[in-house]
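Chemist: Here is the input, now give the coordinates:
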Amino acid sequence: MKNGMKNEMNTMQLNKIAAVFLLAVPGCVLAESSVVVYGRIHAGFDRIETSSSATAPNGESISRVSDNSSKIGFRGREDLGNGNTAFFQIEGNAKLDDGTGVINSKDTFVGLENPAYGRIALGRFATPIRQINGYTNRFVGEGIQDDANISQLGGEGFNRRSSNAVSYRTPVLQGFSATIYRASENEASNGDRIYSGIVQYVNGPIKGAVGYEKHKDLRPGFSEKMFRAVGNYNFGGGGGDVGVAWNRMVYDVAGGDLQRDYFTITGAYKAGGGSFIGRFGVAGDVSGSAPNGSSVTIKATTLVRGDDSGAKQATLGYEYYLSKRSTVYAYYTQTNNDRNANYTFGGNAFAATKKGAKLSGVMLGVIHLF
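Modeler: Numbering: from 1, shown residues only. Sure, this is the predicted structure:
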């Protein structure tokens, strides 16, 4: 009995000595990792119409419930001491309309950060070009209210989350920081490569960024690139904000390249317990060094060099805030294609929109954050 008590006391003393030793060693810290579960549940009822499509030359309409980028995620941080932090995130979709979803299909990564040296992350996550969408994409979600399918040709274009990604963000200096990013959808030694980077400035109500992205061999044998500039000003005091963006896409094709510019302006004004929101975007005609009539197809959209190959898109909406976490809204979007353009909606697109088609849609939705 005495030996048992003695052994127990020795064990307690050893544990105390070990704890004191660990705390005394420079750079060695006993820290706990904090993990947060978060998410967004977002669904809407759509009524969308098009004047013509591949399956209905005289037009068609659809009424349906659509998920609008619902997600669930887990993120955590651990203080490693000396200003160092380890972090991770696992994020996936949680589609309400059809019950599908993959736990790590969205921004999923792990990394290290130090305010003096910057931040490095590895995994599958959005390119810097996509990350600055929030400067002008004031609407929530990826439904008819999202202009990414016309501004960046969607997730097959420059609105990407890419696999095998690594990024580095510099420390913030006088409001400025830079992010560089490299990824590959194909791990082969001669596989595709994605290079993306931005320089951004954030100071009080003013935010701005310029960016560049290049894809090599995503279309085997060809490259494509985007130049982008965005800005946002917040009026403060609950007055709302305004944002502007310009981007140029350049696609290599046989015989030269295709070039297209896009400009958008968006704004929000808070009133009546919610916000009125509006956006107007213009896709210019497709030009470039390739012969007239040259084209490239990215997902469901075909860029054709020549006149009348642009489009205009407008979205209006009102969001009413039931609480800090719950919102109801009504959005209306209209896209007018020129006779040689077939841009479609984003997350709620028709299978194939005919050239020159006019699209319109109304969405009534509910958002809950947790």
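
Chemist: Residue 249 versus residue 262, what's the distance?
Modeler: 8 Å (Cβ to Cβ, to the nearest Å). For glycine as for every other residue, the C-beta is placed from the backbone atoms N, C-alpha and C.

Chemist: So which of the two has more stuff around it?
Modeler: The neighbour comparison of residue 262 against residue 249 (other Cβ atoms under 10 Å) goes to residue 249, with 26 against 23.

Chemist: List the residues that contact that one.
Modeler: Going by Cβ atoms under 8 Å, 6 or more residues apart in numbering, residue 249 touches 152-153, 157-158, 224-226, 259-260, 262.

Chemist: Can you pull out the low-pLDDT segments for the chain?
Modeler: 1-33, 53-55, 347-351 (pLDDT under 70).

Chemist: switch to 80 and redo it
Modeler: Residue ranges of the chain with pLDDT under 80: 1-33, 52-58, 137, 189, 237-238, 346-352.

Chemist: State the helix or strand in which the residue positioned nearest the centre of it lies.
Modeler: Nearest to the mean C-alpha position of the chain, by Cα atoms, centre = their mean, lies residue 130 at 4.5 Å. For residue 130, the host element (DSSP states H and E) is helix 128-131.

Chemist: Export only the CA atoms of that helix, formatted as CSV.
Modeler: C-alpha atoms of helix 128-131 as CSV (Å, rounded to 0.1, in the frame of the first residue of the first chain):
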residue,chain,number,x,y,z
PRO,A,128,-7.0,35.1,-55.7
ILE,A,129,-8.9,36.4,-58.8
ARG,A,130,-12.0,34.6,-57.4
GLN,A,131,-11.3,35.8,-53.8
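
Chemist: Surely the residue nearest to the centre of the chain touches residue 161?
Modeler: Yes - at 7.2 Å, residue 130 counts as touching residue 161 under the criterion of Cβ atoms under 8 Å.

Chemist: What is the burial count for residue 107?
Modeler: By other Cβ under 10 Å, neighbour count at residue 107 equals 21.

Chemist: quick one: secondary structure of the closest residue to it other than its chain neighbours?
Modeler: Once flanking residues are discounted, residue 107 sits nearest to residue 125: 4.0 Å by Cβ to Cβ, 6 or more residues apart in numbering. Per DSSP: H, G, I helix; E, B strand; the rest coil, the local secondary structure of residue 125 is strand.

Chemist: ok, now residue 134?
Modeler: helix.

Chemist: Tell me if I'm right that residue 246 and residue 262 touch.
Modeler: Yes - counting by Cβ under 8 Å, residue 246 does reach residue 262; the two are 7.1 Å apart.

Chemist: just to revisit the earlier point, what's the separation between the residue nearest to the centre of the chain and residue 255?
Modeler: 30 Å.

Chemist: still on that earlier bit, tell me what the helix holding residue 130 is packed against?
Modeler: strand 176-183, strand 193-203, strand 206-216 (3 or more Cβ pairs under 8 Å, 6 or more residues apart in numbering; DSSP states H and E).

Chemist: let's see it at 6 Å
Modeler: Contacts defined by 3 or more Cβ pairs under 6 Å, 6 or more residues apart in numbering; DSSP states H and E place helix 128-131 against strand 193-203, strand 206-216.

Chemist: could these go into CSV alongside distance to residue 40 and mean neighbour count?
Modeler: Output for the helices and strands packed on helix 128-131, formatted as CSV (distance: least, Cβ to Cβ, whole Å; neighbours: other Cβ atoms under 10 Å):
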stretch, distance to residue 40, mean neighbour count
strand 193-203, 23, 18
strand 206-216, 22, 19
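
Chemist: can you list these in TSV and add distance to residue 104?
Modeler: Listed next are these as TSV, based on distance: least, Cβ to Cβ, whole Å:
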stretch	distance to residue 104
strand 193-203	19
strand 206-216	23
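
Chemist: So which of these is nearest residue 63?
Modeler: strand 206-216 (36.6 Å; Cβ to Cβ).

Chemist: Provide the strand pairings for that closest one, with the direction of each partner.
Modeler: If you go by DSSP bridges, strand 206-216 pairs up with strand 193-203 (antiparallel), strand 223-234 (antiparallel).

Chemist: would you turn the ones you listed into a markdown table with distance to residue 288?
Modeler: A markdown table is the format used below for these (distance: least, Cβ to Cβ, whole Å):
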| stretch | distance to residue 288 |
| --- | --- |
| strand 193-203 | 21 |
| strand 223-234 | 12 |
